[in-house]
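Asker: everything below, folded, please.
(one chain, ligands or ions: 2)
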Amino acid sequence: MATMTDNHRYLIQFMLKNGVTTVDNAQEYCKFVSKGEIEDINMLERLVAEINGTISKQSFKLKFFVCEVTNQKVLVWLNTKNDDISKLQIKFSPVELEYFHAILQELIHNEEHRLTTIVCINITSTLTSHLTRENGQKLLNIFLKNGYFVVKGAYIYLGPRLILEFTIYLKTHCPESVCTLCSELVFCGNICHSCRQTAHSHCLTKYLEMESKCPSCQATLERIMEVDEVDDSRTTQNCREDVNEEVPMQKQKRRQPVPTRNITSDDSSSEEDPNEPGPSTRGPSTRRRRR
Ligand SMILES: [Zn+2]
Ligand SMILES: [Zn+2]
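Answerer: Numbers count the residues shown, from 1 in each chain. Ligands and ions are numbered 1, 2, ... in the order given. Prediction:
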């Protein structure tokens, strides 16, 4: 690429500091530091492409991505060097890495691919290294801030940066967790009642604008919403739990499959998740995957 300008440097510094940010935030930041020069998404995309052209040899990359948990479009700073936990060695100490790996393992093997914050903090007591619950909580917040995990409601999920940096690792360990529409990893998408295939909700939203049949089994899709048991208003970046509260570690309880039924818009109006697709995309059928 050509020469690096201040605008390139500002965005690199911003992403090094944040790891992951919403595209809206990145755009706002760039507009501010460039004094209005970078004013829209096309300009931001061009800036990102130019940065990638420069830093690719250093095994770093910026990538746009849709977070499957929040459905927000985010920009992620990626280490592309190798697909292994060892690449985090520069960033984290051995004890921190052990904790990170233990949470990752629990999230992979948990049927719903999510854990409550308190379960994540309880994992500190299972480590071979010594890590207090207080430090476990602080560390968990750092993992969240860096985009490795993401919190929604009372639960911690695999975050955009983890899914992008450990794609090969995750595809090896969770070969069934692939979106039937885009073939990328999916951990909390929508599942077809007929064939049990999963799709990202953002992929499905686009697909349902034109089709009403399951892309895998051609069953007619009928949307079924489940009432969420958690208070999803707690969508802050950081998680706070009473760290003194000891709760035995357990797998998320399996939800019973919901029988296929028709629901009217009135049935679901009070249960609508603000992150779910709007009315124009409702109709065909799927339910939010809760594993
Ligand atoms: Zn998809
Ligand atoms: Zn199907």
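Asker: mind listing the helices for the stretch 151-291 of the chain?
Answerer: 160-165, 167-173, 201-208, 265-268 (DSSP state H, counting those that start in this stretch).
Asker: weakest of those by average pLDDT?
Answerer: Comparing mean pLDDT over these, the weakest stretch is helix 265-268, at a mean of 34.
Asker: so where's the stretch 1-150 of the chain uncertain?
Answerer: Across the stretch 1-150 of the chain, the ranges flagged by pLDDT under 70 are 1-2, 83-86.
Asker: which residue ranges form the strands in it?
Answerer: 20-22, 60-66, 73-79, 114-116, 149-152 (DSSP state E, counting those that start in this stretch).
Asker: can you put those strands in JSON lines and add mean neighbour count and distance to ligand 2?
Answerer: Where C-beta positions appear, they are placed from N, C-alpha and C, glycine not excepted. As requested, the strands of the stretch 1-150 of the chain are exported to JSON lines (neighbours: other C-beta atoms under 10 Å; distance: least, C-beta to the ion, whole Å):
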{"stretch": "strand 20-22", "mean neighbour count": "20", "distance to ligand 2": "32"}
{"stretch": "strand 60-66", "mean neighbour count": "17", "distance to ligand 2": "22"}
{"stretch": "strand 73-79", "mean neighbour count": "21", "distance to ligand 2": "27"}
{"stretch": "strand 114-116", "mean neighbour count": "23", "distance to ligand 2": "23"}
{"stretch": "strand 149-152", "mean neighbour count": "24", "distance to ligand 2": "26"}
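Asker: just send these back as TSV, with distance to ligand 1 too.
Answerer: Listed next are those as TSV, based on distance: least, C-beta to the ion, whole Å:
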stretch	distance to ligand 1
strand 20-22	19
strand 60-66	9
strand 73-79	14
strand 114-116	18
strand 149-152	17
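Asker: interface residues of the stretch 51-200 of the chain facing ligand 2?
Answerer: Within the stretch 51-200 of the chain, the positions near ligand 2 by C-beta under 5 Å from the ion are 192, 194-195.
Asker: of those residues, which is the nearest to ligand 1?
Answerer: Ligand 1 lies nearest to residue 192 out of these, by C-beta to the ion, at 13.3 Å.
Asker: in this structure the closest one contacts residue 220, no?
Answerer: No. In this structure, residue 192 is not within contact of residue 220 by C-beta atoms under 8 Å, at 10.4 Å.
Asker: those two: which is more packed in?
Answerer: Neighbour tally, residue 192 and residue 220, criterion other C-beta atoms under 10 Å: the higher count belongs to residue 192, 22 against 10.
Asker: what sits against the more buried one?
Answerer: Residues near residue 192 by C-beta atoms under 8 Å, 6 or more residues apart in numbering: 180, 198-199, 214, 216-217, 219, 221, 286.
Asker: any common contacting residues for residue 192 and residue 220?
Answerer: residue 214.
Asker: contact partners for whichever residue of the stretch 1-150 of the chain sits closest to ligand 2?
Answerer: Going by C-beta to the ion, ligand 2 is nearest to residue 68 of the stretch 1-150 of the chain, at 18.8 Å. Shown in contact with residue 68 (C-beta under 8 Å, 6+ apart): 163, 186-189, 200-202.
Asker: surely residue 204 is in contact with residue 189?
Answerer: Yes. Residue 204 lies in contact with residue 189 (C-beta under 8 Å); the separation is 7.4 Å.
Asker: so between the two, which is more surrounded?
Answerer: residue 204 (27 against 24).
Asker: what is the neighbour count of the residue nearest to that one when sequence neighbours are not counted?
Answerer: Nearest residue to residue 204, sequence neighbours excluded (C-beta to C-beta, 6 or more residues apart in numbering): residue 190, at 5.4 Å. If you count neighbours by other C-beta under 10 Å, residue 190 ends up with 26.
Asker: for the one 10 residues further on, same thing?
Answerer: Applying the criterion other C-beta under 10 Å, we find 24 residues in the vicinity of residue 200.
Asker: how close does residue 70 get to ligand 1?
Answerer: 15 Å (C-beta to the ion, to the nearest Å).
Asker: my guess is that residue contacts residue 147. True?
Answerer: No. The criterion here is C-beta under 8 Å, and residue 70 misses it with residue 147 at 11.1 Å.
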